[in-house]
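[1] I'll drop the sequence and a predicted model, then ask my questions.
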Amino acid sequence: MSIISIPFSIALLTALISGVARGYSGFASGLILVPIFALLFGPIEGIAISAVASFIGGLQLLPRAIKLADWKELTPPLIAAAIGCFFGVSFLVSNEPDTITSLMGIILILASLMLLSGWKYSGPHNTYAGLAVGGLSGGSLGAFGVPVGQFFALYFLSSSGDTAKQRAHIVIAASCAVTFFVLGLLFEGKVVWSTLFYAAFVTPFFMFGVWVGARLFQIMPFSWFSKVVAWLVAATGVTLILS
């Protein structure tokens, strides 16, 4: 794809919008970035570019999140997500692109329905629950390239603590999963020069969006934003299936 083209301009705009979503909510960026990049660049290439941009762009959120985090609560899901994500990548790269695209679309529609319904996790917050949500999140990202933030969000937003602490947990968990996803892609040889080339243009737009979103978090309510993201995700999921 030429960097001077309408499709690449769409990619840059998508990176900016998804960056705002990441900075504001602590997650949600991949729900926009990954499926649209999969359509523009192809499933594996699009997922790899998204992962690199998300990894680098999300680093600016970590210093504050680390200070607010409860590491006793965070450790089990982080461990499970890292393992599930790293080993799930082998399934992703061994399947046909059309299969991955369709599965991604189905999971995105389900994720959007969960966000729109307002369903909240009401179970326990212990080691076993943390391992389960981490394994589900990491496995989904590794095996299907599906963003994991919504699963972490449903879990952590139902825990005790203020909104800033809950968001910090989501930020750290999503960043950890993306880190091991990138490592898995590197191990499988799917991060190539073209990936880094496109990511070099996309990432600055994503980073600026994250910066804007982090500041919007201080002044705007989350409720309306989550519904907008959910409808965008649903529309993208349908597009992926039909494509």
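    Great, that's in hand.
[2] now the helices for the protein?
    Read by DSSP state H, the chain holds these helices, from start to end of the chain: 6-25, 29-41, 43-57, 62-68, 71-94, 97-117, 127-144, 149-156, 163-187, 193-216, 222-242.
[3] Can I get those in TSV including mean neighbour count and mean pLDDT?
    No exception for glycine: its C-beta is placed from N, CA and C like everyone else's. TSV is the format used below for the helices of the chain (neighbours: other Cβ atoms under 10 Å; pLDDT from 0 to 100):
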stretch	mean neighbour count	mean pLDDT
helix 6-25	21	89
helix 29-41	26	83
helix 43-57	26	88
helix 62-68	14	90
helix 71-94	19	89
helix 97-117	18	75
helix 127-144	22	88
helix 149-156	26	78
helix 163-187	23	86
helix 193-216	18	92
helix 222-242	17	64
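[4] and the gap between residue 78 and residue 187?
    Separation of residue 78 from residue 187 (Cβ to Cβ, to the nearest Å): 19 Å.
[5] Same question for residue 31.
    In terms of Cβ to Cβ, residue 31 sits 25 Å off from residue 187.
[6] for residue 120, same thing?
    Per Cβ to Cβ, residue 120 is found 36 Å from residue 187.
[7] Pull the number of nearby residues for residue 126.
    Number of residues near residue 126 (other Cβ atoms under 10 Å) recorded here: 11.
[8] Could you number the chain from 5 rather than 1 from now on?
    Shifting the count to begin at 5 puts that one at residue 130.
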